Each structure stands twice: as structure tokens, then as C-alpha cells.
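> Pasting the sequence and the predicted model now:
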Amino acid sequence: MTELYNFSAGPAVLPEDVLCRARDELLDWHGSGMSVMEMSHRGKEFVSIAEQAEADLRELLGISADYYVLFLQGGATSQFAMVPMNLLRGKPQADYINTGAWSKKAIAEARRYCAVNEAATSVSSNFTSVPPEDTWQLDPDSAYVHYTPNETIGGVEFSALPATGTVPLVADMSSTLLSRPLEISRFGVIYAGAQKNIGPAGLTVVIVRKELAGMTLDGTPSMYDYQAHADSGSMLNTPPTYSWYLAGLVFQWLREQGGLAAIAEINRRKAAVLYAAIDGSDFYTSPVDPVYRSWMNVPFTLADAELDKRFLEQAAGAGLLNLKGHRSVGGMRASIYNAMPEAGVVALVGFMQEFERSRG
């Protein structure tokens with residue numbers, strides 16, 4: 001049987017070891033007689049799962065006691081509103097860096113709550129690069145600076161952490177969190193939808209510097225208040241318990257791989273192999289500035305777009321799934337998150353080379 005590799009941008013591939021463990025524990029978690037899906041979120045069994053997941057995430061990322069770690073619902077999209085609701089703290093404006101589709105969505109939502117200073121944009125490059133930091137027009141009086149370190153759709157990734165001085169830095173890390181070590185102390189807020197490198201859809205991880213919580217806009221619903229969630233241990237209402245449990249298994253899996261430094265080296269190798277295949281061919285092209293190419297999401301185009309459909313059909317037949325690019329940009333996109341094995345990238349490169357030889 002052909003080995004299958006899932007290159008979906010999200011919901012995305014999960015580690016096989018995690019899925020197997022979840023299967024084995026599905027009907028009876030640790031002799032409790034219950035599936036995790038059946039447990040009370042306030043019962044001792046699930047509380048132990050939740051506490052272990054937070055402890056493992058803190059260890060992986062080196063998150064200090066100065067930060068809350070929240071396990072919420074609503075996806076990263078809900079954070080587009082929660083960030084200004086919680087972080088404006090009496091200020092009328094926030095800075096945003098616009099590098100693609102998800103940045104634009106965050107900006108549009110923030111404008112419902114405050115003035116947005118679009119401090120930099122890569123629109124002139126058609127969002128295939130990051131504007132040089134020395135051109136940014138940051139306002140030191142802004143409440144925070146928001147950016148998207150990795151644009152999942154465009155495959156554009158920042159090559160360094162922005163310097164924002166005393167203004168809190170906020171990051172939508174949905175498609176890059178846990179892909180490498182991270183200097184958490186540089187951030188005021190980090191948020192990430194789970195369905196890339198963390199676990200299944202339905203869970204959102206938010207890391208908030210404690211001093212930034214507790215000063216919401218008037219009229220902010222309790223469910224949009226970071227402090228309320230922190231005070232309730234992320235159980236202000238019934239949380240997405242099974243997604244939280246699976247995320248915890250992923251954190252344990254990452255620790256077993258050697259942590260984030262080890263997974264970063266694997267991710268670097270995977271990306272290098274795929275980009276080398278693209279760059280070494282006249283048939284495939286990467287639209288992204290090489291300085292800002294994503295490790296996680298690799299878009300590429302064929303020399304003849306008329307061959308796109310055939311490429312996708314034959315790739316699927318070879319066990320290479322979900323390679324179609326986002327509808328807004330077309331072409332192909334290979335998402336190679338933590339759980340994508342190096343063998344999957346090798347198989348994709350082999351297929352690309354054979355397709356070019358026989359069809360190009």
C-alpha cells in the first residue's frame with residue numbers, strides 16, 4: 001500500500017505516535033473507565049490532563065511565571081478582537097504590520113475597536129516579502145504592535161523578531177508556534193490556533209504577560225477577557241477537552257523528540273530539501289523572497305498552469321495529499337509542519353522531479 005502524506009495547511013497532519021496513543025486510550029483513559037471525551041472538565045482526571053499539558057508547554061517554550069497560559073476556544077480569528085479588547089488599556093491606537101491575508105484580517109477586526117496605524121506593509125511586493133524593519137513607522141504611543149510571523153497562505157515568514165521597545169509585541173503564531181525555540185520574554189501576547197503544530201481544530205493557545213491582563217474595554221464580554229479566563233484556569237465555561245488532551249499528547253511527543261531545538265533542525269532540513277528542489281528546476285518556481293521563505297508553508301507554481309490539475313491528480317495517486325494552493329493565490333502549497341516526516345518531503349521531491357521529467 002502506498003504511504004500517504006498529508007500536506008494540508010490546517011487542519012493538518014498529527015504525529016502518528018500521538019494518534020496511536022489516543023486510539024489506545026479512547027475508550028478508557030488510564031483505567032478511569034471513561035474516554036477523555038466523557039470526562040467532566042472539573043473532575044480530577046481531566047484536571048490532571050490539563051495541568052500536565054500546561055506544564056509541558058511551559059517547559060518546551062521556557063514560559064516563565066510572568067505569563068498566563070490559556071487554552072481557549074474561538075480559533076485565532078477570535079483573537080483578532082480579543083487582543084484590542086484586552087490590550088488597548090485606554091490608548092486609542094495600535095500598530096499593525098501587514099504582510100498578507102491573515103495580517104489583513106487582524107487589521108480589519110482591530111479597526112472595530114481602535115485606530116490602526118499600518119506601520120508597514122509588503123503590498124508593493126504582492127506580499128512575497130517582509131518590509132525592511134528600518135522602514136517601519138511605529139508609534140511609541142501605540143498600545144501594542146501586532147504582526148503575523150508566518151503567513152500560512154503566502155508562505156512568507158519573518159527572519160527575525162521585531163524590536164518594538166517598550167511597546168508590547170503581539171504575534172499570531174498559528175502556523176509557526178512550536179516549530180523552533182522562541183524567546184517568549186520578547187512578547188506581550190502570543191496566540192495560535194491549534195490546527196497546525198499543536199493539535200486538532202477547536203483549541204486556541206494564548207500566552208499573555210500577566211501585567212497586560214485585567215484592563216479590558218468597557219463592555220467586553222467575560223468570554224473575551226483574558227483575566228477572567230486566567231482566574232478560572234481556562235475553564236470559564238466547558239473547554240474543548242478532547243482537543244486540549246490531544247495537544248497535551250503532542251507536547252509530550254515533542255519532548256520525546258528532544259524538544260524544540262531538535263524539531264527545529266528537522267524542520268530546517270525539510271524546508272531546505274524542498275526549496276532546493278524548487279530552485280534547482282526551471283519547471284517549478286517559488287514566488288517568495290528567499291530571505292523570507294517559510295519553513296512551514298511552501299508555495300510553488302508550475303511553469304505551465306494548465307498542468308496544475310494533472311499534477312494534483314497524479315500527486316494524490318502517489319499518496320501526496322492536499323497540495324493545492326489557497327484559492328486566493330493558486331498554484332501549489334506544501335505545508336510541512338512538525339508532524340510531517342522527512343520521508344514525506346523526500347517523497348514529494350521525488351514526485352516533482354518525475355513529473356517534470358515526464359510532463360514538463
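The structure has been received and is ready for your questions.
> Can you show me the helices along the stretch 201-350 of the chain?
226-231, 241-256, 260-279, 308-317, 342-359 (DSSP state H, counting those that start in this stretch).
> now do the stretch 51-200 of the chain
With DSSP H, counting those that start in this stretch as the criterion, the stretch 51-200 of the chain has helices spanning 75-87, 101-110.
> In TSV, list those along with mean pLDDT.
Output for those, formatted as TSV (pLDDT from 0 to 100):
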stretch	mean pLDDT
helix 75-87	97
helix 101-110	98
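> okay, these, which one's buried deepest?
helix 75-87 (a mean of 23; mean count of other C-beta atoms under 10 Å). Every residue, glycine included, has its C-beta placed from N, CA and C.
> Quick check: residue 357 vs residue 327, distance?
To residue 327, residue 357 is 29 Å away according to C-beta to C-beta, to the nearest Å.
> How many residues are close by the residue nearest to residue 287 when sequence neighbours are not counted?
Excluding its sequence neighbours, the residue lying closest to residue 287 (C-beta to C-beta, 6 or more residues apart in numbering) is residue 128, at 5.2 Å. A count of nearby residues for residue 128, using other C-beta atoms under 10 Å, gives 21.
> Can you name the residues that contact residue 128?
Counting by C-beta atoms under 8 Å, 6 or more residues apart in numbering, residue 128 touches 122, 154, 156, 287-289, 292.
> Read off the pLDDT value for it.
Looking at residue 128, its pLDDT reads 95.
> From residue 330, how far out is it?
Counting by C-beta to C-beta, the gap from residue 128 to residue 330 is 14 Å.
> Ok, residue 29 next?
On the measure of C-beta to C-beta, residue 29 and residue 330 end up 44 Å apart.
> Same drill for the two, tell me which one is more crowded.
Ranked by neighbour count (other C-beta under 10 Å), residue 29 and residue 330 place residue 29 first, with 20 against 13.
> close enough to count as contact, the more buried one and residue 35?
Yes. If you go by C-beta atoms under 8 Å, residue 29 and residue 35 touch, sitting 6.5 Å apart.
> Overlap in contacts, those two.
Joint contacts of residue 29 and residue 35 (C-beta under 8 Å, 6+ apart) do not exist.
> wait, residue 196 sits on residue 175?
Yes. Counting by C-beta under 8 Å, residue 196 touches residue 175, with 4.6 Å between them.
> Give the intersection of the neighbour lists for the two.
Contacts common to residue 196 and residue 175, judged by C-beta under 8 Å, 6+ apart, are 9-10, 152, 296, 335, 337.
> could you list every residue that touches the closest residue to residue 129 other than its chain neighbours?
Spatial nearest neighbour of residue 129, chain neighbours left out: residue 289 (3.8 Å); criterion: C-beta to C-beta, 6+ apart. Residue 289 makes contacts with 125, 128-130, 156, as judged by C-beta under 8 Å, 6+ apart.
> ranking those residues by neighbours, who comes first?
residue 156 (27 neighbours).
> show me the contacts for it.
99-100, 122, 127-130, 150, 288-289, 292-294.
> can I get those residues in TSV with distance to residue 170?
Listed next are those as TSV, based on distance: C-beta to C-beta, whole Å:
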residue	distance to residue 170
99	14
100	16
122	18
127	20
128	24
129	21
130	17
150	15
288	24
289	24
292	20
293	23
294	20
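> Surely residue 136 and residue 118 touch.
No. Applying C-beta under 8 Å, one finds residue 136 not in contact with residue 118, separated by 10.1 Å.
> What residue, apart from its backbone neighbours, is nearest residue 113 spatially?
Nearest non-adjacent residue to residue 113 (C-beta to C-beta, 6+ apart): residue 84, at 4.1 Å.
> From residue 106, how far out is the one you found?
From residue 84 to residue 106 the distance is 10 Å (C-beta to C-beta).
> Same question for residue 209.
Distance from residue 209 to residue 106, by C-beta to C-beta: 19 Å.
> ditto for residue 272
30 Å.
> circling back to that earlier point, of the shared contacts of residue 196 and residue 175, which belong to strands?
The strands, defined by DSSP state E, take in residue 335 from these.
> And the shared contacts of residue 196 and residue 175, which is the shakiest by pLDDT?
For the shared contacts of residue 196 and residue 175, the pLDDT minimum is residue 10, 93.
> Tell me, how many residues neighbour that one?
19.
> Verify the contact between residue 96 and residue 143 for me.
No. If you go by C-beta under 8 Å, residue 96 and residue 143 don't touch, sitting 11.2 Å apart.
> Would you mind measuring from the closest residue to residue 115 other than its chain neighbours to residue 129?
Among residues not flanking residue 115 along the chain, residue 93 sits closest, at 4.3 Å (C-beta to C-beta, 6+ apart). Residue 93 sits 26 Å away from residue 129, going by C-beta to C-beta.
> same deal with residue 332?
20 Å.
> Over to residue 232?
Taking C-beta to C-beta, one finds residue 232 at 42 Å from residue 129.
> Run through the residues that contact residue 141.
Counted by C-beta under 8 Å, 6+ apart, residue 141 has contacts 91, 93.
> Repeat that for residue 85.
Residue 85 touches 113, 216-217, 220, 224-225, counting by C-beta under 8 Å, 6+ apart.
> Save those as TSV, and put in distance to residue 237 too.
Putting these into TSV (distance: C-beta to C-beta, whole Å) gives the following:
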residue	distance to residue 237
113	23
216	17
217	21
220	16
224	12
225	12
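> and of those, the nearest to residue 349?
Distance to residue 349, by C-beta to C-beta, is smallest for residue 224 among the contacts of residue 85, at 44.4 Å.
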